[in-house]
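K.L.:
Predicted model follows, preceded by the sequence.
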Amino acid sequence: MMKKITIFLIGILSFSISTFAQNKEVQPVFIILKNASIIDGVGEVAKIGAILIKDNQIEKVAYDQAIIPPKGAIIYDLTDKFLLPGLIDAHVHFGTSPSGSDNLEDTKKRLAHLLKNGVTSVRDMAGDARFLGFLARNAALNEMLSPNIYYSALMAGSTFFDDPRTHSSARGATPGNCPWMKAVDLN
């Protein structure tokens, strides 16, 4: 009987804690980057300003007026530093030879290097979609340091698939006859 009462009380306590946790208001995280030379790509080349970030999203960019810091905001003074939008490399090859030169460890190093140098998105040009999907998933889940990864399929005439790179990207499948690599001939 005591065991049943104990289990019942633990159940009520668990329910109460989870209900409290669900009703507790989560406070947003604010970050202010001030006194930065901002290159926005549409205005003056490097105008001094401030950026307000709320929960990892840019909320406001201000050049002439000051941003009033919300309570608890983390403030970074970026005097003599530059801010600019993330760069996109729209022509990379990470999935051409996943079992060889594009092996997982080397690819992870290359992706981390790109992100650390301001590239926030990459687009692979017709590599092995199985490998690229794996990389894109891990990047999206923050399981590796990487820009966002996008990739495309390759559609070409059947003779294009004589190229040895297509054989590497289609390993285990037939180049020109797999979902990410299709031969298209007009007759």
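P.N.:
Received the coordinates, thanks.

K.L.:
Was I right to think K60 contacts A66?
P.N.:
No. With contact defined as C-beta atoms under 8 Å, K60 does not reach A66; the gap is 11.0 Å. Placement of C-beta: from N, CA and C, glycine included.

K.L.:
So these two - more neighbours on which side?
P.N.:
Taking other C-beta atoms under 10 Å, K60 and A66 do not tie; K60 has more neighbours (13 against 10).

K.L.:
Which residue is the nearest non-sequential neighbour of the residue nearest to the spatial centre of the chain?
P.N.:
Closest to where the C-alpha atoms of the chain average out (C-alpha atoms, centre = their mean) is N148, at 3.4 Å. Nearest residue to N148, sequence neighbours excluded (C-beta to C-beta, 6 or more residues apart in numbering): S121, at 4.4 Å.

K.L.:
wouldn't that neighbour be in contact with P147 here?
P.N.:
Yes. Counting by C-beta under 8 Å, P147 is a contact partner of S121 at 5.2 Å.

K.L.:
Can you check which residues contact both of these two?
P.N.:
86, 89 (C-beta atoms under 8 Å, 6 or more residues apart in numbering).

K.L.:
Looking at these two now, which is surrounded by more residues?
P.N.:
P147 (23 against 17).

K.L.:
Tell me the bridge partners for Y151.
P.N.:
D124 (DSSP bridges).

K.L.:
Looks like it contacts R123 (just checking).
P.N.:
Yes. Counting by C-beta under 8 Å, Y151 does reach R123; the two are 6.7 Å apart.

K.L.:
How many neighbouring residues does G43 have?
P.N.:
Neighbours of G43 using other C-beta under 10 Å come to 12.

K.L.:
What of N177?
P.N.:
12.
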